[in-house]
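**Student:** Predicted model and sequence below, questions to follow.
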Number of protein chains: 2
Amino acid sequence: MSKEKNQQTEERILETAIEVFQERGMAATRMQEIADRAGINKALLHYYFRSKQQLFEAVFSKCFMQFAPKVNSIFQSEEPLFDKLYRFADNYITFMLKNRFLVPFIVQEMNNNSEFAFSFLDSVNRPDPTIISGQIKAEIEAGIIKPIHPKQLLLSIFSLVAFPFAAQVLIKGLLKMDDEEFVTLMNERKTLIPDMIKNALKP
Amino acid sequence: MSKEKNQQTEERILETAIEVFQERGMAATRMQEIADRAGINKALLHYYFRSKQQLFEAVFSKCFMQFAPKVNSIFQSEEPLFDKLYRFADNYITFMLKNRFLVPFIVQEMNNNSEFAFSFLDSVNRPDPTIISGQIKAEIEAGIIKPIHPKQLLLSIFSLVAFPFAAQVLIKGLLKMDDEEFVTLMNERKTLIPDMIKNALKP
DNA sequence: GTCTATAGCCAGATAGAC
DNA sequence: GTCTATCTGGCTATAGAC
């Protein structure tokens, strides 16, 4: 109800839209719900973002920009592999525990909208696995870790940290966990996962 | 166009509905598209399944019944842990390579519909992790594997096999893979994952 | 059992007043 | 810039003929 100037309104719409899109996904989101939660009306949404599709793209883009740096932190720094890994797991899990819907949202919308997803990835400064792939090969040749295809290792690392968030409801159902236990387990995984990878790669 | 008797029609509707729901998800699926692909009209869908929600529930149920046995195969048999693990990974990945949309569909719809998901899980003969948890504890006490919380181990195993399917588009985008490379990697993972777990758990 | 036609509703988008 | 009111289209679901 309160009337502010425009930058603030646009910001409030976007923040609210992020919440609703993350909770419900693109297809199930209603513009009316965003308007209600933001305390404005539908017309104003269209005034600022023109269409649901464009609002979605703004939301997805902002979400991906939160997600990408977490991935980049393992792709790009120059520390030894295992040091990076401990930092990455801690960093990633801490952040995703505070943003529970981020991973499932990104995963779901990329699956459901793959043509948009790929053109989006091409248009942004996306994470690039070249550096770390080289590093993994170098550490293999130096005898620090056992031979493994770099993509396999990266895929395993991502799987171990991201899947519990991506498939939260399924996992809680299968392993009979409540949310409290889920959080405890994820906190343990900050070191458990790097420990596990380290052991597995010992020559 | 061709007119058969009813059991066949119902079966054809359900099979077509599984395809469309898996491709698009519940919210984005249109009854019209199911009717078109099945070569019938919308009215007939409602004649057999009454509503979109009920058709979805039939689809989800059938999909979950394909998914559950794969999980049960590691939960329930009495082989030594590592033997089971090799069988499970091979089995699971082989099946999911032939049913590419199954994991993302289950994951997505459980996330988007968690109240239905939980009541569904309670109503079926769902996988039960009790047996394998006991087995893991026993093998730890026998000194066969290092100490680890059974749920953490199970979560890691599921993550390693399931995440690449659940987040197919994201993974292909981040690691710059085409579908052929994805399939090659997944085939390698049938033994790579058990090998990795085995190494990691060596006392 | 299967079709055509349509009711009825709901969501995205726009017009126009303030 | 923000609102109310409304248009338009699309979708689920049903009525009713065959």
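**Tutor:** Thanks, I have the structure now.
**Student:** contacting residues around A:Ile157?
**Tutor:** A:Ile74, A:Leu85, A:Phe88, A:Ile193, A:Ile197 (C-beta atoms under 8 Å, 6 or more residues apart in numbering or on different chains). (Glycine included, C-beta is placed from N, CA and C.)
**Student:** Closest one of those to B:Thr130?
**Tutor:** Among these, A:Ile193 lies closest to B:Thr130 (C-beta to C-beta), at 24.8 Å.
**Student:** my guess is that closest one meets A:Ser159, correct?
**Tutor:** No. At 9.9 Å, A:Ile193 does not count as touching A:Ser159 under the criterion of C-beta atoms under 8 Å.
**Student:** pretty sure A:Lys62 is touching A:Ile18, no?
**Tutor:** Yes. Using C-beta under 8 Å, A:Lys62 is in contact with A:Ile18, at 6.6 Å.
**Student:** So those two - more neighbours on which side?
**Tutor:** A:Ile18 (21 against 14; other C-beta atoms under 10 Å in any protein chain shown).
**Student:** For that one, give its distance to B:Leu185.
**Tutor:** 33 Å (C-beta to C-beta, to the nearest Å).
**Student:** How about the secondary structure of A:Val161?
**Tutor:** helix (DSSP: H, G, I helix; E, B strand; the rest coil).
**Student:** Now it: closest residue in space, sequence neighbours ignored.
**Tutor:** A:Tyr92 (5.2 Å; C-beta to C-beta, 6 or more residues apart in numbering or on different chains).
**Student:** Tell me who's in contact with the one you found.
**Tutor:** A:Lys70, A:Ser73, A:Val161, A:Ala162.
**Student:** before we move on, what about A:His46?
**Tutor:** A:Met31.
**Student:** Show the average pLDDT along the helix or strand containing it.
**Tutor:** Here A:His46 sits within helix A:42-49, counting by DSSP states H and E. Mean per-residue pLDDT for helix A:42-49: 98.
**Student:** The very next helix or strand once past it versus helix A:42-49: what angle between them?
**Tutor:** Using DSSP H and E, the helix or strand that follows helix A:42-49 towards the C-terminus is helix A:52-76. Inter-element angle recorded for helix A:52-76 and helix A:42-49: 50 degrees (by axes from the mean of the first three to the mean of the last three C-alpha atoms, to 10 degrees).
**Student:** Can you list the neighbours in contact with helix A:52-76?
**Tutor:** The contact list for helix A:52-76, computed with C-beta under 8 Å, 6+ apart, reads A:13-14, A:17-18, A:21-22, A:26, A:29, A:31, A:34, A:45, A:49, A:84-85, A:87-88, A:91-92, A:95, A:99, A:102-103, A:105-106, A:109, A:116, A:120, A:124-129, A:131-132, A:157-158, B:174.
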